[in-house]
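# Please find the sequence and the predicted model below.
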Amino acid sequence: MKIGVVVDNDLNDDKRVLKEIEILKEAGHQVFVMCFGFDNKEYRSPGDFSVSRIMISKKLKNILFFMLNTLPAYEWMWSRKISSFITGNKTDILHVHDLYMSRPAARGIRKSGFNIPLVLDLHENYPFAVTTYNWTKGFLRNLIARPRAWQRKEKEYLGYAARILVLSEDFRDTLLSRYPSLKKDIFTIFPNVPDLSKSASKHGIAQGISPDSSRTVVLYFGVVAERRGIFDVLKVFEELARENHPSRFLVIGPVDKADRQRFFETIYSENLDNIVYYIPWIDVSELTVYLDISDICIAPFHKNPQHESGVANKIFDYMLGKKPLIVSDCKPQAAIIENFNCGIVYKNNEELRQAIETLTANPQLRIKMGENGYKAIIDHFNMNLIKGNLIGLYSELQSAQLKNVTKN
């Protein structure tokens, strides 16, 4: 079966899409991809499949996307490109990412004259997530981007899809509750779990922090932003530092532009100057090096509809590294930590502080929780177990198409 995959980004940067393509090819499908190519950059081939790139400047792409709800030139462009993509490759199914691509994909299918099903892959709770992005904040930006329009448009855009991929059962159930006209059987759960066939390798040497058995290291890995709870953790570490608590905070990841000044002023303050260690960026292949020198891992995301749409990749990375977790009470991640006894869930800063103190004081508890998390990855949360969901979805669609051909 010929599957067309459409991504409004650089394919090489999207590990979820690349993994899905790999699974579909293993299942015997032929895959064609259309995505952006930015600023006349030369791209290496990401795999043994056809890739068509729409060459565009990154700045123009961002402008068109920013104005999508005011002047939908972005959708017009994509619907034309998708139509040509379908007819050129004679695809049997179209698979697109994310919510905002649903309508242009449906229109592209209609223009092509091919009556093929649309699979919509939701990476996040977009109608809420977009309201938290810095590029939508401020009076003028908000007026042009109109991020809250997506709450009104969500039902329409979901309605174009024959099947919908989501990160978690919780998000599926949220959508079913919000839109009773949707049927449960159109949803497939496909979380971002680790691929154990890609053995973790250790590259490089941990920079900026040296091992110290007398002090406990708490690791945060990912985008640094207020919405991700980073300032809650910093506030707790300020309190702990004043009491000479034997813990340090290692932060790895880029800082949101809007939070940069506050973040750096905080970590370089007198209380935290020798307590917080910051590394702007590492390749994901280096993560195991930093997990090795860490004792506890943390996911302090603020509880909101976006962070409850699925479980962040870092949760599974921490578990795979045999580290105990401290997580906020976002429902999907809290359920994993509680069900598998691999960490501590907190609801407020006082409970966060207590969690750090508890795990710092109990190295055997850290080991036990870390082993529990690792076992959960092996037994429940890995791609070898989950990929059947995606394969099964496409088998069902293929069977349905064969039945239609037979009838006609």
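Arrived safely. Numbers count the residues shown, from 1 in each chain.

# counting contacts, what elements does the helix or strand where K61 lies pack onto?
Using DSSP states H and E, K61 sits in helix 58-66. When contacts are defined as 3 or more C-beta pairs under 8 Å, 6 or more residues apart in numbering; DSSP states H and E, helix 58-66 packs onto strand 30-38, helix 73-89, helix 139-145. Any C-beta I mention is one placed from the backbone N, CA and C, and that applies to glycine too.

# So G373: helix, strand or coil?
helix (DSSP: H, G, I helix; E, B strand; the rest coil).

# what residues does the helix holding K61 touch?
8, 36, 38-39, 73-74, 77, 135, 141, 144-145 (C-beta atoms under 8 Å, 6 or more residues apart in numbering).

# same deal with stretch 222-235?
With C-beta under 8 Å, 6+ apart as the test, stretch 222-235 has contacts from 132, 218, 220, 249, 251-256, 258-259, 262-263, 266-267, 272, 276, 298, 300-302, 304, 312, 314, 328, 349, 352.

# Narrow those residues to just the buried residues.
Buried residues within those, defined by neighbour count using 16 or more other C-beta atoms under 10 Å: 132, 218, 220, 249, 251-253, 255-256, 259, 263, 266-267, 272, 276, 298, 300-302, 312, 314, 328, 352.

# rewinding a little: select from the contacts of stretch 222-235 every entry located in helices.
132, 262-263, 266-267, 314, 349, 352 (DSSP state H).

# out of these, which one sits closest to G392?
For these, the residue nearest G392 by C-beta to C-beta is K314; the value is 27.3 Å.

# For stretch 136-156, which residues meet the burial criterion?
136, 145-147, 150, 153-154.

# got the CA coordinates for that stretch in PDB?
Presented in PDB, the C-alpha positions along stretch 136-156 are these (Å, rounded to 0.1, in the frame of the first residue of the first chain):
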ATOM      1  CA  THR A 136       0.900  34.400  20.200                       C
ATOM      2  CA  LYS A 137       1.400  36.600  23.200                       C
ATOM      3  CA  GLY A 138       1.000  40.400  23.300                       C
ATOM      4  CA  PHE A 139      -2.000  42.400  22.100                       C
ATOM      5  CA  LEU A 140      -1.000  42.800  18.400                       C
ATOM      6  CA  ARG A 141       0.300  39.200  18.000                       C
ATOM      7  CA  ASN A 142      -2.800  37.800  19.700                       C
ATOM      8  CA  LEU A 143      -5.000  39.900  17.400                       C
ATOM      9  CA  ILE A 144      -3.400  38.600  14.300                       C
ATOM     10  CA  ALA A 145      -2.600  35.000  15.300                       C
ATOM     11  CA  ARG A 146      -6.000  34.500  17.000                       C
ATOM     12  CA  PRO A 147      -4.900  31.400  18.900                       C
ATOM     13  CA  ARG A 148      -8.200  30.900  20.700                       C
ATOM     14  CA  ALA A 149      -9.900  30.400  17.400                       C
ATOM     15  CA  TRP A 150      -8.500  26.800  17.500                       C
ATOM     16  CA  GLN A 151     -10.900  25.900  20.300                       C
ATOM     17  CA  ARG A 152     -13.800  26.800  18.000                       C
ATOM     18  CA  LYS A 153     -12.200  25.100  14.900                       C
ATOM     19  CA  GLU A 154     -11.100  21.900  16.600                       C
ATOM     20  CA  LYS A 155     -14.300  19.900  16.000                       C
ATOM     21  CA  GLU A 156     -14.300  20.800  12.300                       C
END
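
# hey, where'd the strands end up in the stretch 101-250 of the chain?
With strands called from DSSP state E, counting those that start in this stretch, the stretch 101-250 of the chain shows them at 118-121, 163-166, 187-189, 216-221, 247-252.

# Just say which of the ones you listed is most tucked in.
Ranked by mean neighbour count, those are led by strand 118-121 with a mean of 24 (mean count of other C-beta atoms under 10 Å).

# Check which helices and strands that strand is in contact with.
Strand 118-121 packs on helix 15-26, strand 93-97, helix 102-112, strand 163-166, going by 3+ C-beta pairs under 8 Å, 6+ apart.

# To I54, which of those lies closest?
With distances scored as C-beta to C-beta, the stretch of the helices and strands packed on strand 118-121 nearest to I54 is helix 102-112 (12.5 Å).

# for this structure, which spans come out with low pLDDT?
199-213, 404-408 (pLDDT under 70).

# what helices or strands is the longest helix seen in it leaning on?
In the chain, taking DSSP H as the definition, the longest helix is helix 383-407. In terms of contacts (3+ C-beta pairs under 8 Å, 6+ apart), helix 383-407 is packed against helix 15-26, strand 93-97, strand 163-166, strand 187-189.
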